[in-house]
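J.: after the sequence you'll find the predicted model.
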Amino acid sequence: MNDDADKRSYHVERGDAPPIPSGCPVHPTWSPLDRAYLDDPYTLATQLRDDHPVFYSEQLQYLVVTEMEEIERIFVDHETFASANVQDPVFPLGAAAQAVFADAPDYNPVAVMSNRAEPDHGRLRVFTRQGFSNRRIQTLEPYIRRRSHELIDAMQAAGSPTEFVEAFGFPLPGETVFRFIGFPEADDDMLKEWCVERKAFSWGNPTGEQQAKIAEDMVSYWRYCRAFTAAKRDTRGDDLASELITLHEQHPKDLSYREVESIVYGLSFAGHEAVTALICNTLQCLLPRRDQWDAVCSDPGLVPNAIDEVLRYNSSQISWRRVTTTETTVGGFAVPQGTGIFLNFASANRQADIWDNPDTFDIRRPNAARHISFGKGVHFCLGAKFAKFETGLMLEVLAERLPTLQLPEQTFDYFPNITFRGPETLHVAWS
């Protein structure tokens, strides 16, 4: 195994895009950051798919793939289509952000899971998969249920209506993943503040001033993770960080200490942003359809399939990225090495040749789990089971405590980024 210094950094700034594939349709104006697309990606994604299953976005400078079969092929062929760019900024960093990182030579996390190539990805996955064991996930159930009840108690005390993201949807997933890693509860507010804008850095198009502020928070957060991991070496607990340190000590040639630090750094954001969006999207889907909400309230056994249907119909993750490692072919077009690939889940998850009436939400849909929202192949989302388990518990408690929950009339705003999708605010009421 190479030394840490030889490994790819966790975030790498994007270079110049290769030439547009010859003969490929080019869309000069569409971008996943367009306000109309952020508000309703599914209708527009279907139109784009019907026009051209594969096309080049000049605004994004990525090749866009819209059909399930080709997306799955790209996921499975991880040697040709690498995951190296999934955490990288979509657009170049400004001078101010570059200066922040230049002044912090100790900011040196390495790529570990979602953005690490084989064979190192497989090596690391062996260890992190142990941390996501059924036993460890199950140990969090009492905490999730207790905190769910506490947050609902606070909601009821404040009175109906309330803003759900602030009251429940944001704090609970963040606190849960922090307990999973082992971070102390006293640090929760500080950690949430550091993590909140990460999606703008890697998946949005922030201003130069915003980039610099996010970069400062990322440096502070990395330093916190390093200090936390060092302290865990002396004081272990029943948590992921302690388990990874022990595994490093047992297998120092197969799991480096820098990789342990970097896993802690990377998981804390990935482990809660998508879950916040998923629980909010679930309420967006269920509450206006009272027959389906009432069915979930009456029968918690419907919850797992309902969550898969949400992941298909209104996913918290509507795209992912890849980059070609060699000259190859996509959609019949010759594609140069180094081409960014934008995998459009919003179109693939609504294909009529896979699902009957794909624009209808149905918690009893027999093949709801056929969605692509957690990826496929060797990089299939390691936390998929955890995210669905956590969301399911939250939904069960909400249905038990607040069966009259409803959505007042409102408009929804979505944070401008290319991948994660959930309402920034969600007002709910109950009787």
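T.: Looks like it arrived, so ask away.
J.: only C-alpha atoms from now on, for both contacts and neighbour counts.
T.: OK.
J.: strands of the stretch 251-400 of the chain, start to end?
T.: Ranges of strands in the stretch 251-400 of the chain, per DSSP state E, counting those that start in this stretch, are 319-324, 328-330, 333-335, 340-344.
J.: ranges for the helices of the stretch 51-200 of the chain?
T.: According to DSSP state H, counting those that start in this stretch, the stretch 51-200 of the chain carries its helices in the segments 68-76, 95-102, 120-131, 134-139, 141-158, 164, 171-181, 188-195, 198-203.
J.: buried set for the third one?
T.: Neighbour-count burial for helix 120-131, counted by 16 or more other C-alpha atoms under 10 Å, picks out 120-121, 124-125, 127-128, 131.
J.: what's the angle from that helix to helix 171-181?
T.: For the pair helix 120-131 and helix 171-181, the angle between their directions (axes from the mean of the first three to the mean of the last three C-alpha atoms, to 10 degrees) equals 100 degrees.
J.: can you tell me what sits against helix 120-131?
T.: Under the criterion C-alpha atoms under 8 Å, 6 or more residues apart in numbering, residues 112-113, 240, 243-244, 247, 254-255, 378, 382 lie in contact with helix 120-131.
J.: of those, closest to Ala167?
T.: Nearest to Ala167 among those: Leu240, at 26.8 Å, using C-alpha to C-alpha.
J.: tell me which residues touch that closest one, please.
T.: Residues near Leu240 by C-alpha under 8 Å, 6+ apart: 131, 180-182.
J.: and it, what's its pLDDT?
T.: On the pLDDT scale, Leu240 is placed at 91.
J.: what's the answer for Arg14, then?
T.: For Arg14, the model assigns a pLDDT of 79.
J.: report the separation between the closest residue to it other than its chain neighbours and Trp203.
T.: Counting by C-alpha to C-alpha, 6 or more residues apart in numbering, the nearest residue to Arg14 once its immediate chain neighbours are dropped is Pro92, at 6.1 Å. Counting by C-alpha to C-alpha, to the nearest Å, the separation of Pro92 from Trp203 is 12 Å.
J.: those two - which one has more neighbours?
T.: The residue with the greater number of neighbours, taking Pro92 and Trp203 and applying other C-alpha atoms under 10 Å, is Trp203; the counts read 21 against 15.
J.: for the closest residue to Ile20 other than its chain neighbours, what are its contacts?
T.: Excluding the flanking residues, the one nearest Ile20 by C-alpha to C-alpha, 6+ apart is Tyr56, at 7.1 Å. Taking C-alpha under 8 Å, 6+ apart as the definition of contact, the neighbours of Tyr56 are 20, 24-27, 62-64.
J.: can you tell me which of the residues you listed is nearest Glu79?
T.: For the contacts of Tyr56, the residue nearest Glu79 by C-alpha to C-alpha is Leu63; the value is 17.7 Å.
J.: now do the same for that closest one: its pLDDT.
T.: The per-residue pLDDT reported for Leu63 equals 98.
J.: these two touch, right, it and Gly338?
T.: No - proximity of Leu63 to Gly338 does not meet the contact threshold set by C-alpha atoms under 8 Å, at 11.0 Å.
J.: between those two, which is the more surrounded one?
T.: Set side by side, Leu63 and Gly338 show unequal neighbour counts under other C-alpha under 10 Å, the larger going to Leu63 at 26 against 19.
J.: returning to what we had before: now do the shared contacts for Leu63 and Gly338.
T.: Shared between the contact lists of Leu63 and Gly338 (criterion: C-alpha under 8 Å, 6+ apart) there are no residues.
J.: next one: stretch 43-58 to chain centre, how far?
T.: How far stretch 43-58 lies from its chain's middle: 23 Å, per C-alpha atoms, centre = their mean, to the nearest Å.
J.: returning to that earlier point: so which of the helices of the stretch 51-200 of the chain gets nearest Thr404?
T.: Ranking these by their distance to Thr404 (criterion: C-alpha to C-alpha) puts helix 141-158 first, at 12.5 Å.
J.: for the closest one, buried residues please.
T.: Of the residues in helix 141-158, those with enough neighbours to count as buried (16+ other C-alpha under 10 Å) are 141, 144, 147-149, 151-152, 155-156.
J.: tabulate those (CSV), appending pLDDT and distance to Ala429.
T.: Converted to CSV, those look like this (pLDDT from 0 to 100; distance: C-alpha to C-alpha, whole Å):
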residue, pLDDT, distance to Ala429
Glu141, 92, 26
Ile144, 94, 22
Arg147, 96, 20
Ser148, 97, 17
His149, 97, 17
Leu151, 98, 15
Ile152, 98, 12
Met155, 97, 10
Gln156, 97, 10
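J.: wait, which of these is closest to Tyr107?
T.: The closest of the buried residues of helix 141-158 to Tyr107 turns out to be Ile144 (C-alpha to C-alpha; 32.6 Å).
J.: pretty sure that closest one is touching Glu175, no?
T.: No - with contacts counted by C-alpha under 8 Å, Ile144 stays clear of Glu175, the gap being 9.0 Å.
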